[in-house]
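>>> starting from these lines, generate the structure:
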Amino acid sequence: MRKYFYIFRHGETDLNNQGIWQARRLDIELNSKGEAQALELGEKLVGKGIEVIFSSPMNRAIRTAELANAKINVPILIKEGLIEADLGEVEGLDIKAYRETNPKECEMWFGMEPDNFDFAHKGAESKRQIYERFRAVLEDLLNEKYSVMGVSTHGAMIRMLLYGLLGRKEKVHNGVPYHIIHEDGEWMLGE
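Next comes the predicted model:
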């Protein structure tokens, strides 16, 4: 059976705008730009046939789901496994400043080469662990009664999923949906 997922990163927060690493310990709200992105996202999701939105338990993901849902009016269900990555000791740090003093670690984190897929900052999940956690959630969602699902989550989660599932290396923007299809045991990117 074919299942469709529209997976999206939450709208912008002030910490995103300031270039601060935010993960699961910093649970802040969307800023006004992030709210506008979530409303625009809702427009993009109209007519896709979404039956439900599964959301990370974090405020920024829930609020994005709520604002986008104003246009499609479906249930929103919290899924703990969609929570943002644990970034360990780098959470709350300025990314640019950290990059200047730790260029090798940043190269390993932001680069998506197979050799560094097991890289993790101190006390954090590795990129592989993030991917495996998100993939397990999606595999679980395949058992849901819904055929078309929205998923409100976080940038690191989506970035690792796109690489791990599809070999795609790309920056994940706030409020942009990725259409992923599962059929006959295969994952593919939709239009």
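>>> can you show me the helices along the chain?
Counting by DSSP state H, the chain has helices at residues 14-18, 32-45, 59-69, 95-101, 103-110, 127-141, 155-166.
>>> buried residues, the fourth one. List them.
Of the residues in helix 95-101, those buried under the neighbour-count criterion (16 or more other C-beta atoms under 10 Å) are 98, 99. C-betas here are computed from N, CA, C, even on glycine.
>>> give me the residues contacting that helix.
19, 20, 21, 90, 105, 106 (C-beta atoms under 8 Å, 6 or more residues apart in numbering).
>>> and it, C-alpha only, in PDB?
Written as PDB, here are the backbone C-alpha positions of helix 95-101 (Å, rounded to 0.1, in the frame of the first residue of the first chain):
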ATOM      1  CA  ILE A  95      27.100  28.400  15.500                       C
ATOM      2  CA  LYS A  96      29.400  30.900  13.700                       C
ATOM      3  CA  ALA A  97      31.600  31.400  16.800                       C
ATOM      4  CA  TYR A  98      31.700  27.600  17.400                       C
ATOM      5  CA  ARG A  99      32.700  27.000  13.800                       C
ATOM      6  CA  GLU A 100      35.600  29.400  14.100                       C
ATOM      7  CA  THR A 101      37.000  27.600  17.100                       C
END
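>>> for the residue of the chain most remote from its centre, give its distance to residue 19.
Distance from the C-alpha centroid of the chain, by C-alpha atoms, centre = their mean, peaks at residue 101 (27.1 Å). Look at residue 101 and residue 19: by C-beta to C-beta, to the nearest Å, they are 15 Å apart.
>>> so what's the most centrally placed residue in the chain up against?
Residue closest to the average C-alpha location in the chain (C-alpha atoms, centre = their mean): residue 154, at 2.9 Å. By C-beta under 8 Å, 6+ apart, the residues touching residue 154 are 9, 10, 23, 56, 58, 61, 82, 83, 84, 85.
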